[in-house]
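>>> Provided below are the primary sequence and the corresponding predicted coordinates.
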Amino acid sequence: MKNLIIPTVLAALMASASAWAATPVELPAAIKEKGVLVVAIMPNYPPMDFKDPATNTLTGIDYDLGNALAQRLGVKIQWQETAFEQMVSGLVTKRVDLVLSGMTDTAERQKSVTFIDYFTSGPQFYTLSKRDDIKDVTDLCGKKVGTSRRTTWPAEAAAWSKANCESNGKPALIILGSEGSADARAQLRQGRLDAAMQGSETIPYLMSQEKDTYKPLGSAISKQFTGLGVNKANPELVAAVAATLQSMVDDGSYGAILKKWDLESGAVQKIDVNKGM
């Protein structure tokens, strides 16, 4: 029976999102039995994942989506704060069922994880508003730019530098890896960096929280898919989550969550799997 079921589920994963929505998919028996989804999150990336400063409670787009997803699936959700670099291993070793923490879907990560892509964004440069010498993104050539070393962004910044600085006879960006976006932002405020890079979805939120402090430079330098991570050995869970997310897209509840956080620009119309490059 297992040999018949698994190919059927895998085929469903590659079907259209409309087919997912039309065909109900059951949660894996083990999850239905325990009645809980254990979901990894690292609340240091607003507005995707963070803690409300007033209450110290989890909040953000991923938190809202996860709670709505679990409710529709008929299970409780147990949020597990997990260091970003431990999330993939947490899935592989089955310590968590899902990763929902603003993780970019990449081909390298797909070797270990199946991604259900639910949002789009991209890396964007920004600097301090008071930096009158940096008016355009090309003014960064030869300057120090920091970004999280745990992401693909240092490599993307280097590629951008080759195409936009070095190829035009300008000095290359000086790219410095940080311990995360918050660390890069702190170094920027301290004057140790001239600019920083992080997801385009986070910069408007930062600007709303720290008035007249930051300014974006240009637009996102690439398009990336943000994915909900699932163990590759659990296609039934992938199918169930994908179908449920698509139903939220179709009925507008997904859009309402993004609108709450002023990020409708990152919405997808079709829930896909492993679209990251």
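Noted; the coordinates are in hand. No experiment lies behind these values; they were computed from the predicted model shown.

>>> Would you quantify the distance from residue 109 to residue 88?
Per Cβ to Cβ, to the nearest Å, residue 109 is found 7 Å from residue 88. From N, CA and C alone the C-beta is placed, and that goes for glycine too.

>>> which residues are common contacts for those two?
residue 229 (Cβ atoms under 8 Å, 6 or more residues apart in numbering).

>>> And the helices in the stretch 151-277 of the chain?
Along the stretch 151-277 of the chain, counting by DSSP state H, counting those that start in this stretch, helices occupy 153-164, 181-189, 203-209, 235-251, 253-260.

>>> Just give me the lowest mean pLDDT stretch among those helices.
Least confident of the helices of the stretch 151-277 of the chain, judged by mean pLDDT, is helix 203-209 with a mean of 90.

>>> who's in contact with that helix?
Here helix 203-209 has contacts from 46, 47, 124, 126, 185, 213, 214, 215, 216, 261, 262, 263, using Cβ under 8 Å, 6+ apart.

>>> Go again with 6 Å.
Identification of contacts with helix 203-209 by Cβ atoms under 6 Å, 6 or more residues apart in numbering yields 46, 47, 126, 214, 216.

>>> May I see the buried residues of that helix?
203, 204, 205, 206, 207 (16 or more other Cβ atoms under 10 Å).

>>> out of those, who's nearest residue 192?
residue 206 (17.9 Å; Cβ to Cβ).

>>> picking that back up, tell me which of the helices of the stretch 151-277 of the chain is the most buried.
Of all the helices of the stretch 151-277 of the chain, helix 235-251 has the most neighbours on average by mean count of other Cβ atoms under 10 Å, namely a mean of 22.

>>> Serialize the buried residues of helix 203-209 to CSV and add fields for distance to residue 167.
Shown next, in CSV, are those (distance: Cβ to Cβ, whole Å):
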residue, distance to residue 167
203, 26
204, 30
205, 33
206, 31
207, 31
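
>>> re the thing from before, from the contacts of helix 203-209, which would you call buried?
By neighbour count, with 16+ other Cβ under 10 Å, those hold 46, 47, 126, 214, 216 as buried.

>>> Could I get the full set of strands for the stretch 1-150 of the chain?
Ranges of strands in the stretch 1-150 of the chain, per DSSP state E, counting those that start in this stretch, are 36-41, 50-51, 58-59, 76-81, 98-99, 113-121, 123-128, 144-148.

>>> how near is the closest residue to residue 192 other than its chain neighbours to residue 194?
Nearest residue to residue 192, sequence neighbours excluded (Cβ to Cβ, 6 or more residues apart in numbering): residue 144, at 7.5 Å. Going from residue 144 to residue 194 by Cβ to Cβ gives 5 Å.

>>> So for the two, which residue has more residues nearby?
Neighbour count, other Cβ atoms under 10 Å: between residue 144 and residue 194, residue 194 has more, with 21 against 17.
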